[in-house]
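Visitor: Quick one, fold the following:
(chains A and B)
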Amino acid sequence: MVEVARFAVERVEILRPDGTLAAPLPAWAEQPDELIRLYRGMVLTRTYDTKAVNLQRTGRLGTVASSLGQEAVAVGTAAAMRPEDVLLPSFREQGAMFWRGVRIEELLAFWGGDERGSNWAEAREDFPICVPVGSHAPHAAGVACAFRLRHEPRVAVCVLGDGATSKGEVYEAWNLAGVWRLPMVTVVNNNQWAISVPRSAQTAAETLAQKAIACGMPGVQVDGNDVIAVREVVGRAIERARSGEGPSLVEAVTYRLSDHTTADDARRYRDDAEVSTHWKEEPVARLRSLLVARGLWGKEREEALVAGCNREVERAVEAYLARSPAPASDMIDHVFASVPEPLAPQREAILRRAAARAAGAEGAAR
Amino acid sequence: MSSMTLVEAVRAALARALEEDPTVLLLGEDVGRDGGVFRATERLFERFGPERVLDTPLSEALFTGLAVGLGAQGFRPVVEFQFDGFMYPALDQLLNHAGRLRARTRGRLSCPIVLRAPYGGGIRAPEHHSESPEGLFAAIPGVRTVIPSSPARAYGLLLAAIRDPDPVVFLEPKRIYRAVREELEDDGRALPLDRAFVLREGRDLTIVAWGALVREVLEAADRLAEEGARAEIVDPATLAPLDAATILASVAKTGRCLIVHEAPRGHGPGAEIAAILAEEGLFSLLAPVARVTGFDAPTPLPRLEGVFLPAEVDILEAAHRLLAHR
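Guide: The predicted structure is shown next:
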């Protein structure tokens, strides 16, 4: 027998769950401001998630996916990106989207049922939330291919979940990225649960990171509850891609502390005891422990930060609730660059039906 | 002016588009050195190079999604599928992304892509190589489905499709790729999308047809003319969004309508046209709307294909039935 290939998968851990260091901090993380920015990003995300779930429970928002416990994956990833890079998120990357300039009000509008929420003012080239699982991976390859063809030092960053790694299109995109050496980085947010299906039922592979090997690209695992490690490992992958060395995959191992979405009840399929265990590893308290140990943080700063995040989210909620409704014709006005002549009668019909609905509602109110 | 077959007209339009717009790219399997299985991209790799003409790995879902990403970044990828029957993996990307990226971002991102494929039967090809899936694509909001029926329309409509800022499925009738030649000027002039073409004027009967079957329909119209009946031939060319106005105007004049397509009958494109006539043209009809179509069966292998595909005799028979209504 001749051995023709061999591989190993590394796992990077820097910050332990108790906030002590398992490895030396990267140089950038020695800057207190950098750590505090990451901390703020995660706290803001958690504040938003809590508020969004409450809004849904009180009927003021549609179904929404919380990222509770996974804030480090999104925030660490976005912090590793440059503004000119392009993010292709799944539906649990609010921490990354806010970091890149998407306004909380805009994301609320989307989950509140208004497409205008995806026409955000910043990060204009970033892709909208992708709901059909993993179907955005080929788009990331396309965006990366565009950068390559224009010789631009930019990177496409695709975030998807553990469930998405079972999809053919995800493999197909990685395979292409490998063979064309595209500047594409995939972050797999392995939160252990694809709704009710656990990671163990998703694949027999020991890690998701090793799926990269078959595509001819590096795959590395990182402690996804350690925002410093995520920022560092994703950052290395991005800079590698930027310098023309090709794609890579980062499997961020974390845990979904929340239900899948507000339409899900995770108690139907997983034990509270399991969830409690993982609460001990969550990313926000972990980074706070480090900040406190380093003398960078205390009760006053914490209170000020929480109050600031609450104010920011509250203001966004007010703005979201005060938004004027979109005209009904919006649903057809943006299907094509301009409404094709054959569809003009349908546009008229939409307006007539909308007017009738409004009149009906007015009549009912009287 | 030069004499071109339909596939040569396709190639001329692709070359013209690559020449005039640096954001136009060709993608697909074997579109590079091989020049495509039908030679539609022959010598374009040599002429425009590997950054404009890209051979992809063998995955239709992938290269459709790849085109979505490229399109959102301002490129105009033209994707070649080798055969109609291999397009179905692209449906997810078309339905969930290409057809709605503009709408779901309210215009922030768009998808100026073209998906080209040879389509239709009649070349005695293997399984999955003779399908007419235009009805599936025509049912997707946000996607145009365009089918040329002559070299000149292939040239002009393909240029229009590539220049259009939204996704277009462009189905090329492979049976007539090399069957006819037409004099045409490679002058970069596009033909309008969303507009039906009246290929022949008549007053007794409207026949709506597209793709390869337009040939049989024109021949049937010649026979009818010998019998003293003048058929008006309407080729929608863009099946969706459909130029119903032209069809309705024609039927208002003739009072009779026959729809001819290879695609399966049930929920087929002919059903949409017949429904529009029932809704908006009923009182001008002298006879029930008739359809000559493929059947609601998987496209048969070549030995039974001749029965599945509408032929001139079927068109004539249906036309005679319609003309019998006074």
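Visitor: Specify the next element, helix or strand, located C-terminal of the host helix or strand of residue B:15.
Guide: Residue B:15 belongs to helix B:6-20 when assigned by DSSP states H and E. Using DSSP H and E, the helix or strand that follows helix B:6-20 in sequence is strand B:24-28.
Visitor: List the strands paired with that following strand, with their directions.
Guide: With DSSP bridges as the test, strand B:24-28 is paired with strand B:53-55 (parallel), strand B:76-80 (parallel).
Visitor: What lies in contact with the last one?
Guide: To tie it back to what came earlier, the one meant is strand B:76-80. Residues outside strand B:76-80 that contact it (CB atoms under 8 Å, 6 or more residues apart in numbering or on different chains) are A:142, B:14, B:17, B:21, B:23-29, B:31, B:36, B:40-41, B:63-64, B:66-67, B:70-71, B:112-117, B:162-163. Where C-beta positions appear, they are placed from N, C-alpha and C, glycine not excepted.
Visitor: ditto for the first one
Guide: The set of residues that contact strand B:53-55 without belonging to it, under CB under 8 Å, 6+ apart, is B:18, B:25-34, B:41, B:44-45.
Visitor: What are the boundaries of the helices in the stretch 1-150 of chain A?
Guide: A:32-57, A:71-80, A:94-99, A:104-111, A:137-149 (DSSP state H, counting those that start in this stretch).
Visitor: to the chain's geometric centre, what's the distance from the first one?
Guide: Distance of helix A:32-57 from its chain centroid, counting by CA atoms, centre = their mean, to the nearest Å, is 13 Å.
Visitor: What of the shortest one?
Guide: If you compare the mean C-alpha spot of helix A:94-99 with that of the full chain, they lie 7 Å apart, counting by CA atoms, centre = their mean.
Visitor: Pull that helix out as PDB, backbone CA atoms only.
Guide: Output of helix A:94-99 as PDB, limited to C-alpha atoms (Å, rounded to 0.1, in the frame of the first residue of the first chain):
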ATOM      1  CA  GLN A  94     -26.900  39.800  12.600                       C
ATOM      2  CA  GLY A  95     -23.800  40.400  14.600                       C
ATOM      3  CA  ALA A  96     -21.800  40.600  11.400                       C
ATOM      4  CA  MET A  97     -24.300  42.600   9.500                       C
ATOM      5  CA  PHE A  98     -24.500  45.300  12.300                       C
ATOM      6  CA  TRP A  99     -20.700  45.400  12.400                       C
END
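Visitor: Point out the most buried one among the strands paired with strand B:24-28.
Guide: strand B:76-80 (a mean of 26; mean count of other CB atoms under 10 Å in any protein chain shown).
Visitor: avg pLDDT for it?
Guide: The pLDDT scores in strand B:76-80 average 98.
Visitor: From the contact counts, what lies against the following helix or strand past that strand?
Guide: Sequence-wise, the next helix or strand downstream of strand B:76-80 (DSSP H and E) is helix B:90-93. Where contact means 3 or more CB pairs under 8 Å, 6 or more residues apart in numbering or on different chains; DSSP states H and E, helix B:90-93 is packed against helix B:60-72.
Visitor: I'd like to know which elements the helix it packs on is packed against.
Guide: Here helix B:60-72 touches helix A:137-149, helix A:168-180, strand B:24-28, strand B:76-80, helix B:90-93, helix B:101-104, going by 3+ CB pairs under 8 Å, 6+ apart.
Visitor: Any idea which of the ones you listed gets closest to residue A:223?
Guide: Closest approach to residue A:223 among the helices and strands packed on helix B:60-72 (CB to CB): helix A:168-180, 22.3 Å.
Visitor: What average pLDDT does that closest one get?
Guide: Helix A:168-180 carries an average pLDDT of 97.
Visitor: Alpha carbons of it, as CSV, please.
Guide: The C-alpha trace of helix A:168-180 is given here as CSV (Å, rounded to 0.1, in the frame of the first residue of the first chain):
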residue,chain,number,x,y,z
GLY,A,168,-24.5,19.6,-2.6
GLU,A,169,-24.3,23.2,-3.7
VAL,A,170,-22.1,24.0,-0.7
TYR,A,171,-19.6,21.3,-1.7
GLU,A,172,-19.9,22.4,-5.4
ALA,A,173,-19.0,26.0,-4.5
TRP,A,174,-16.1,24.9,-2.3
ASN,A,175,-14.9,22.6,-5.1
LEU,A,176,-14.9,25.4,-7.6
ALA,A,177,-13.3,27.8,-5.2
GLY,A,178,-10.5,25.2,-4.7
VAL,A,179,-9.9,24.5,-8.3
TRP,A,180,-10.0,28.2,-9.3
